[in-house]
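> Using only what follows, build the 3D model:
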Amino acid sequence: MPMSVEVRSRRAGLLWVLAAVTGGVALSYVRGHVYVPGDAAATARAILSDEFRFRLAIVGALVSQLAMLFLALELYRVFAPSGRALARVLLLSMVIGVALACANQLPNLVALLWLKPEPYLQLFTQAQREALALLLLRVQNGAGQGVLEIFWIPFYVAFGLLVLRTRALPRVLGMLLVLMGIGFAINILDKFLVPQFHPEFFTRLAMGLGALGGLPTMVWLLVRGLAVPAADART
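Modelled structure (predicted):
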């Protein structure tokens, strides 16, 4: 029996919550308790002092990406009948973003292995290994995160436009999702073109717009679902 749009939309909301919780906890742990900018020794101590939690953060980030992939699949199945081109953009952008996000966890694993006292690493001093571990985490949390967020832009913009087109969700949520994508675009341009120009402000701007667009949409999908089947909606 085909799954109803209401069930798919609520499942999408549940997957989004799972992705937000697992990914948010993992990211906050690495950035708040492990990665110490400019201090290689402190970063190395944080990794080795609680290796299990560091590995758990990596697993949490991967689980988050798996949930986002299935979220995109559910949204594609819901919206494809009403806007196949935009639905394909939504799905393809998330597939690429998830692949990049999974690959972006490799620097964390390499940093952990690099700090291990393996015999073949004895050619390098402790300070050298700590410096490289810090560089790997810097790449993972900086350029690596920025590259994968590029594909969040078309995902959220396409999602918002589909909502505006079908009216399957309140139009204000569609506008907020589009703004969410624009916020990521502005933040990425700032980070790659003029990284010294108020980076914290633009990061907070992207996070604020992300919360403003993502949280209410997530809750609406989980609690209310789609108001009407997307295939039957009219512009």
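> For the residue of the chain most remote from its centre, which three-state class applies?
Distance from the C-alpha centroid of the chain peaks at Leu123, with 37.2 Å (Cα atoms, centre = their mean). Classification of Leu123 using DSSP: H, G, I helix; E, B strand; the rest coil returns coil.
> okay, it: pLDDT?
Predicted confidence (pLDDT) for Leu123: 83.
> How about Pro229?
We note a pLDDT of 52 for Pro229 in this prediction.
> let's have the chain start at 437 instead
Taking 437 as the first residue, the last one we looked at is Pro665.
> Contact partners for Arg565?
Shown in contact with Arg565 (Cβ atoms under 8 Å, 6 or more residues apart in numbering): Ala480, Trp550, Leu551, Leu557. From N, CA and C alone the C-beta is placed, and that goes for glycine too.
> helices and strands of the protein: which one has the lowest mean pLDDT?
Lowest mean confidence among the helices and strands of the chain (mean pLDDT, DSSP states H and E): helix 635-659, at a mean of 86.
> Now do the longest helix along the chain and helix 635-659, the angle between them.
The longest helix of the chain (DSSP state H) is helix 487-515. For helix 487-515 against helix 635-659, the angle by axes from the mean of the first three to the mean of the last three Cα atoms, to 10 degrees is 60 degrees.
> Low-confidence regions, the protein specifically.
Along the chain, the model assigns pLDDT under 70 to residues 437-440, 663-671.
> can you give me the helices in it?
For the chain, applying DSSP H gives helices covering 441-465, 476-485, 487-515, 520-539, 542-550, 562-577, 579-585, 588-602, 607-629, 635-659.
> Comparing these, which comes out most buried?
Mean neighbours per residue, mean count of other Cβ atoms under 10 Å, is largest over the helices of the chain for helix 588-602, with a mean of 23.
> and it, how far from the chain's centre?
Taking Cα atoms, centre = their mean, to the nearest Å, one finds helix 588-602 lying 16 Å from the centre of the chain it belongs to.
> Next, the angle from that helix to helix 487-515.
30 degrees.
> How about residues contacting helix 588-602?
Identification of contacts with helix 588-602 by Cβ under 8 Å, 6+ apart yields 508, 511, 515, 518-519, 522-523, 525-526, 529-530, 533, 604-607, 609-618, 620-621, 624, 649, 664, 666, 669, 671.
> same thing with stretch 494-504?
Stretch 494-504 is contacted from outside by 451-452, 454-456, 458-459, 461-463, 530, 533-534, 537-538, 541, 544-545, using Cβ under 8 Å, 6+ apart.
> about what we covered before: separation between the residue farthest from the centre of the chain and Arg565?
For Leu559, the distance to Arg565 (Cβ to Cβ, to the nearest Å) stands at 10 Å.
> Then Leu450?
Distance, Leu450 to Arg565, using Cβ to Cβ: 42 Å.
> before we move on, the earlier item: any idea how far the longest helix of the chain is from the chain center?
Computed by Cα atoms, centre = their mean, the chain-centroid distance of helix 487-515 equals 9 Å.
> what do you get for stretch 532-551?
Here the centre of stretch 532-551 is set off from its chain's centre by 14 Å, with Cα atoms, centre = their mean.
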